[in-house]
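Student: sharing a sequence plus its predicted fold:
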Amino acid sequence: MQNKVDAIHLIITGWIARAAVCTTVAIGLLGCWVDPTSTGGGGLRLRWYQPQAGYGQSRPAISNASVIFATGDGQIIARDPARGNVQWRTKIASEQVSGYNLLTRSGVVVAPVAYETVGLAAADGVILWRYAAPVDMLQNPANPSAGYVVGARIDGDSSTAYLPAWGASVSALDIHTGRARWIWYVDPSVQFRSGAVGTRISGDTIFTALWHFLDARGFRSEPWIVALDRLTGRELWKVILPGFPSGGVAVNGAPAVYKNLVILTARGGDTWAIDRTTQQVVWFFQAKTTLATVAEVELYGDVAYVDGGDGSIYALRASDGTIVWRAPFDGGTVVDILVTPRRLYAANGPTMFAFNRETGQRVAQQNVPGLSSAGGGSTIGSAAAFANNAIFVTVAGGAWSFDER
């Protein structure tokens with residue numbers, strides 16, 4: 001029962017976003033089921049579609065001559081980028097692979113599942129190691145289990161993967177052996193539960209996003225940013241983001257780093273930029289939020305891209321938070337946004353939308369292959385990945401690739 005409660009806390013934002021999309025369709029405010037060639041520049045050019053079990057939540061990873069996908073039944077699959085043919089497949093769990101991104105570094109694929117993380121050889125899928133996250137003492141004090149890593153955004157360098165987990169903890173794992181080089185834990189004197197959900201490397205620092213309950217059941221919560229020394233895991237500072245009215249999981253993604261600013265988006269689209277030297281709020285962006293959002297902030301050049309939770313995608317100047325452009329978006333994001341040199345891709349469930357990255361103009365939209373009407377077909381399960389002018393994304397029942405337009 002406790003595991004089910006944890007799952008509800010973590011994925012509630014995704015469910016709310018999906019429900020909000022379907023509700024708005026029902027009352028006729030937004031078009032959820034979109035004809036692939038309707039307004040917005042037409043559809044996307046299919047490269048290939050390959051069936052696979054269920055859907056994994058993990059953004060695919062690019063590794064040499066492979067694209068690595070996760071499935072809904074615990075498999076990691078390496079596919080040929082050109083045709084989608086299976087190069088190798090490995091069963092790592094009996095459940096959905098549910099970290100929000102797969103990581104590939106130094107010939108190793110790192111895949112968070114639920115309460116453990118698995119390392120595989122990128123060349124052939126051989127399992128190299130398994131790592132159970134540190135115990136979450138407040139999950140069930142009488143019988144605590146490993147910390148939750150569903151929805152985790154992980155980062156890494158050539159030797160180390162930085163894994164956030166509920167509990168809250170961050171583990172610095174040797175990329176080849178899975179051995180913990182160091183583990184950071186939330187201060188045990190902090191009352192009520194916390195969870196680390198995303199890590200980002202910047203120089204000698206690991207920036208971590210966390211949520212923290214302000215009461216025993218999580219009816220009120222707040223987002224944190226914690227800075228850790230990259231070599232030792234020593235806590236350098238913590239910022240509690242002010243004035244956030246939320247319950248449950250207040251933040252889902254990892255921070256972005258622009259020069260001296262650490263930028264984090266919370267569940268409703270609120271976005272803060274913190275000076276990493278002074279720990280002061282430099283700017284704050286708040287849309288008229290009506291939907292829960294799932295997408296983390298994405299940075300490209302000097303622009304930060306966020307889902308405002310108000311039916312719009314925003315491009316914000318990273319230095320001061322001013323709006324560069326605002327683009328109407330049908331519903332709320334159900335996965336992280338992808339930003340490429342030319343395009344921004346955002347998904348509301350059944351449909352992928354492509355925008356001009358510089359202007360916000362919608363240039364294409366496309367239902368998942370096989371989905372032609374409400375009530376049937378597939379839905380998008382993961383954020384998209386980009387390589388060599390091609391997009392790769394996991395959907396329910398398949399792996400999908402299309403050309404960038």
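Tutor: Structure's in. What do you need?
Student: from now on I want contacts and neighbour counts done on CA atoms only, so please keep to that.
Tutor: Will do.
Student: which stretches of the stretch 201-350 of the chain have low pLDDT?
Tutor: Along the stretch 201-350 of the chain, the parts satisfying pLDDT under 70 run over 245.
Student: roughly how far apart are the residue of the chain most remote from its centre and Asp136?
Tutor: Relative to the centre of the chain, the most outlying C-alpha is that of Ala142, 31.3 Å out, by C-alpha atoms, centre = their mean. Per C-alpha to C-alpha, to the nearest Å, Ala142 is found 11 Å from Asp136.
Student: quick one on the thing from earlier: find me the pLDDT at the residue farthest from the centre of the chain, would you?
Tutor: Looking at Ala142, its pLDDT stands at 73.
Student: now Pro36
Tutor: Reported pLDDT for Pro36: 36.
Student: quick one: contacts for Val257?
Tutor: 200, 202, 263, 299 (C-alpha atoms under 8 Å, 6 or more residues apart in numbering).
Student: pLDDT score for the residue most central in space within the chain?
Tutor: Residue closest to the mean C-alpha point of the chain, counted by C-alpha atoms, centre = their mean, is Tyr100 at 4.3 Å. Note for Tyr100: predicted pLDDT of 97.
Student: leaving out chain neighbours, which residue sits closest to it?
Tutor: Ser58 (4.3 Å; C-alpha to C-alpha, 6 or more residues apart in numbering).
Student: quick revisit: drop anything exposed from the contacts of Val257.
Tutor: 200, 263, 299 (16 or more other C-alpha atoms under 10 Å).
Student: for the first one, give the beta-bridge partners.
Tutor: To tie it back to what came earlier, the one meant is Arg200. Phe207 (DSSP bridges).
Student: tell me how far it lies from Pro141.
Tutor: In this view, Arg200 and Pro141 are 30 Å apart by C-alpha to C-alpha.
Student: what do you get for Pro328?
Tutor: For Pro328 relative to Pro141 (C-alpha to C-alpha), the value is 46 Å.
Student: tell me which of those two has more neighbours.
Tutor: More crowded of Pro328 and Pro141, by other C-alpha atoms under 10 Å: Pro328, with 13 against 9.
Student: just give the nearest non-adjacent residue to the more buried one, would you?
Tutor: Nearest-residue entry for Pro328: Ser312, 4.5 Å, with adjacent residues in sequence omitted and distances by C-alpha to C-alpha, 6+ apart.
Student: residues in contact with that neighbour?
Tutor: 326-330.
Student: out of those residues, which is nearest to Asn252?
Tutor: The closest of the contacts of Ser312 to Asn252 turns out to be Phe329 (C-alpha to C-alpha; 19.9 Å).
Student: and which of the buried ones among the contacts of Val257 is nearest to Arg220?
Tutor: Using C-alpha to C-alpha, the buried ones among the contacts of Val257 come closest to Arg220 at Ile263, 22.2 Å.
Student: so who does the closest one touch?
Tutor: The contact partners of Ile263, taken as C-alpha under 8 Å, 6+ apart, are 255-257, 271-274, 297.
Student: pretty sure Asn85 contacts Ile68?
Tutor: No: if you go by C-alpha atoms under 8 Å, Asn85 and Ile68 don't touch, sitting 11.4 Å apart.
Student: more neighbours, these two?
Tutor: Higher neighbour count among Asn85 and Ile68: Ile68, with 28 against 15, using other C-alpha under 10 Å.
Student: tell me which element the residue lying closest to that one once chain neighbours are set aside is part of?
Tutor: Once flanking residues are discounted, Ile68 sits nearest to Ala78: 4.4 Å by C-alpha to C-alpha, 6+ apart. Taking DSSP states H and E as the definition, one finds Ala78 inside strand 75-79.
Student: only the buried residues of stretch 160-175, if you could.
Tutor: Burial within stretch 160-175, assessed by neighbour count using 16+ other C-alpha under 10 Å, is assigned to 160-175.
Student: so what pLDDT did the nearest residue to Asn389 once chain neighbours are set aside get?
Tutor: Using C-alpha to C-alpha, 6+ apart and skipping residues adjacent in sequence, the residue nearest Asn389 is Glu404, 5.5 Å away. We note a pLDDT of 92 for Glu404 in this prediction.
Student: beta partners for Gln75?
Tutor: Lys91.
Student: now do the contacts for it.
Tutor: Taking C-alpha under 8 Å, 6+ apart, one finds 89-93, 97 in contact with Gln75.
Student: so can I have CSV of the residues you listed showing neighbour count?
Tutor: CSV is the format used below for the contacts of Gln75 (neighbours: other C-alpha atoms under 10 Å):
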residue, neighbour count
Arg89, 17
Thr90, 16
Lys91, 16
Ile92, 22
Ala93, 16
Val97, 29
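Student: pick out whichever of these sits closest to Gly54.
Tutor: Val97 (10.2 Å).
Student: that closest one reaches Pro60, doesn't it?
Tutor: No: assessed by C-alpha under 8 Å, Val97 is found out of contact with Pro60, at 11.3 Å.
Student: joint contacts of those two?
Tutor: With C-alpha under 8 Å, 6+ apart, Val97 and Pro60 have common neighbours Ala70.
Student: the buried residues of stretch 160-175: which two are farthest apart?
Tutor: Spatially, the most separated pair among these is Gly167 and Ile175, at 22.1 Å (C-alpha to C-alpha).
Student: would you state the helices of the stretch 1-150 of the chain in chain order?
Tutor: 2-26 (DSSP state H, counting those that start in this stretch).
Student: in it, where is pLDDT below threshold?
Tutor: Short version for the stretch 1-150 of the chain, where the test is pLDDT under 70: 1-42, 139-140.
Student: quick check on Gly195: phi, psi?
Tutor: With angles defined as degrees, to the nearest 10, Gly195 sits at phi -150, psi 130.
Student: same question for Tyr300.
Tutor: phi -140, psi 120.
Student: which residues sit in contact with the closest residue to it other than its chain neighbours?
Tutor: Distances taken as C-alpha to C-alpha, 6+ apart place Val339 nearest to Tyr300, at 6.9 Å, with adjacent residues excluded. Val339 makes contact with 298-300, 345, 357, according to C-alpha under 8 Å, 6+ apart.
Student: that'll do, ta.
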